[in-house]
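Novice: A structural model of the following input is requested.
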Amino acid sequence: MAVPPPDQEKSLGVMVIDAHEELIQQLESGQAKIRLLSVITVVVAFILVASYFSQILLPFVSSSSRYQTVDLMSPTLIATEIILVVLGAAWLYVGVVNYLFSARLNRRIREIRSYEKELMNRMKV
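Specialist: Residues are numbered from 1 along each chain as shown. From the prediction side, this is the model:
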């Protein structure tokens, strides 16, 4: 195998650094979007879970709201509300997991950036 001349090797190194920088920029952009969507998801899911949970508890704690046009103690209605609470909790779980993932990704990007700066300082010396 032939060894490439030093100028070609250097241009290959520059290409690798440029590709690495572009990858990191894409990761940073994606991480910001994931974090925003995760925060929105957590807020909406929390509101839904809280409202469904309050609808389940309301007939038990308030005697005046037990009977309306609809029987709030109906087993079918309570089962439906429990299913909605479970789905809302699952949605909340997904939002939290995505947020934690984006936080870990952000930390790793910061580590990569600091290592990159360290390499640049070594190259300058």
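Novice: list the residues that contact the most centrally placed residue in the chain.
Specialist: Here the mean C-alpha position of the chain is nearest to the C-alpha of Asn98 (CA atoms, centre = their mean), at a distance of 2.5 Å. Under the criterion of CB atoms under 8 Å, 6 or more residues apart in numbering, the contact list for Asn98 reads Ile34, Leu37, Ser38, Thr41. In short, each C-beta sits where N, CA and C put it, glycine included.
Novice: that one belongs to a strand, doesn't it?
Specialist: No: membership of Asn98 in a strand is not supported by DSSP: H, G, I helix; E, B strand; the rest coil, which gives helix.
Novice: which stretches of the protein aren't confidently modelled?
Specialist: Low-confidence regions of the chain, defined by pLDDT under 70, span residues 1-10, 65-68, 125.
Novice: looking at it, which helix is longest?
Specialist: helix 6-61 (DSSP state H).
Novice: now that one: how far from the chain's centre is it?
Specialist: Between the centre of helix 6-61 and the centre of its host chain there is 5 Å, according to CA atoms, centre = their mean, to the nearest Å.
Novice: check which helices and strands it is in contact with.
Specialist: helix 75-124 (3 or more CB pairs under 8 Å, 6 or more residues apart in numbering; DSSP states H and E).
Novice: between helix 6-61 and the helix it packs on, find me the angle.
Specialist: 160 degrees (axes from the mean of the first three to the mean of the last three CA atoms, to 10 degrees).
Novice: quick check on Asp71: phi, psi?
Specialist: phi -80, psi 110 (degrees, to the nearest 10).
Novice: count of residues packed around the nearest residue to it once chain neighbours are set aside?
Specialist: If the residues on either side of it in the chain are set aside, Asp71 comes closest to Leu77, at 7.3 Å by CB to CB, 6 or more residues apart in numbering. Other residues within reach of Leu77 by the criterion other CB atoms under 10 Å amount to 15.
Novice: what do you get for Ile82?
Specialist: As a burial measure, the neighbour count of Ile82 was computed by other CB under 10 Å and equals 13.
Novice: I'd say it and Phe53 touch.
Specialist: No: with contacts defined as CB atoms under 8 Å, Ile82 does not count as touching Phe53, sitting 9.6 Å away.
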